[in-house]
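Q: Generate a structure from the sequence data that follows.
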Amino acid sequence: MVNQPKPTVAIFGGSFDPPHMGHQQIVEKAMQNLDIDKLLVVPAYLNPFKTSSLADAEQRLIWCHTLFDEIPNVIVDDYEIKQGKSTTTSQSVKHFNIDYDVKYLIIGSDNLSTLTKWHEFEWLNSHIIWVIITRENHEIRTDMLREWKVLVLDAPVSSTDIRDEKDLTYVDKKIKESVKKVLKGQPLMTIEERIENIIKILDEKKAEEIEVFNLDDADYIADRVVIANSLNLKHTQALFDHLKEGLRPLGETFLHSDVSDEWIVADLGDILIHIMIPEYRQRYSLETFLSELVENQNKNTEA
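A: Model (predicted):
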């Protein structure tokens, strides 16, 4: 049996925090100008030279899939993200060399000043061809490189510019809304999806009589109100703790909470969550008040 040659590829790695039209231009130019079968877009879990990112790894991976999946012979690979930690470029190249012939590594000219500090730089330098993307105000220094190509990019933009200046001009419309939410620190899910998460946590932790009131068109301080019964005062606090533990990793921000002997109110901005024992719920008749608000808004809509 004749061994099939492995596809020749270029690797384009980075934080993609967020990806933008400059990244798209790089991919297009590379596909046009490099002798490759495929191009691998490899978002990093965390750049070895950074300590944090704006969006989490899963969100940046989703953005990359959205922008690049439809381009023929471009593959978004989650290898580095699945590592769950910062991954060196040499480790990734060795990994992809199992299934591919990694010929090119795409970098920005702003990386050249620190390139020799990369882990196993000498090994990389002897095994790949560097593809240098021009960046404004960054000199092209190649004296330390064995072999390289230069691709000129016109778009004067970087992910840092987008994050710092919050200018979304160069962000593709397919991901613009979600990038905007991340920049503002807002959850990416719809309010319905967020309500589902709240109900799921409350239900799993034995809350009872869970009700949701849609107040989109009412003159009220929130768009949704969730009311739930607890078994006792200790259970009330436990439910609140479980909500914080379960919702914060999903991007929710607890703006304020009122904790008393009678109930707990959690303020998520557009969602209020009330947790109380049954006798207090009956005493305050909050659902009666909210039901009247909903009824009134329906009457106004019909009128």
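
Q: Scan the protein for its longest helix.
A: Taking DSSP state H as the assignment, the helix of the chain that covers the most residues is helix 286-302.

Q: Of all the residues in it, which ones are buried?
A: 286-287, 290, 293-294, 297 (16 or more other CB atoms under 10 Å). Just so you know, the C-beta spots here come from the backbone N, C-alpha and C atoms, and that holds for glycine as well.

Q: likewise stretch 66-85?
A: Buried, per 16+ other CB under 10 Å, within stretch 66-85: 67-68, 74, 76-77, 79-81, 83.

Q: For stretch 262-273, what is the distance to the chain centroid?
A: On the basis of CA atoms, centre = their mean, to the nearest Å, stretch 262-273 sits 26 Å off its chain's mean C-alpha point.

Q: what about it, start to end distance?
A: Start-to-end span of stretch 262-273 (CA to CA, to the nearest Å) is 14 Å.

Q: Run through who's touching it.
A: With CB atoms under 8 Å, 6 or more residues apart in numbering as the test, stretch 262-273 has contacts from 191, 194-195, 198, 221-226, 228, 236-237, 239-240, 243-244, 247, 252-258, 274-277, 280-281, 284.

Q: Give the buried residues for stretch 201-212.
A: Neighbour-count burial for stretch 201-212 [16+ other CB under 10 Å]: 201-202, 205, 207, 211-212.

Q: List the buried residues of the helix or strand bottoming out on mean pLDDT in the chain.
A: Among the helical and strand segments of the chain, the one scoring lowest on mean pLDDT, DSSP states H and E is helix 159-165, with a mean of 73. For helix 159-165, the neighbour count (16+ other CB under 10 Å) marks 159, 162-163 as buried.

Q: which residues of the stretch 1-150 of the chain fall in helices?
A: Remark: helices assigned in the stretch 1-150 of the chain by DSSP state H, counting those that start in this stretch are 21-33, 57-68, 79-83, 89-96, 121-127.

Q: Deepest-packed of those helices, please.
A: helix 57-68 (a mean of 20; mean count of other CB atoms under 10 Å).

Q: what's the first-to-last distance across stretch 272-288?
A: 16 Å.

Q: Quick one: mean pLDDT for it?
A: In this model, stretch 272-288 has a mean pLDDT of 89.

Q: before we move on, what about stretch 20-32?
A: For stretch 20-32, mean pLDDT rounds to 93.
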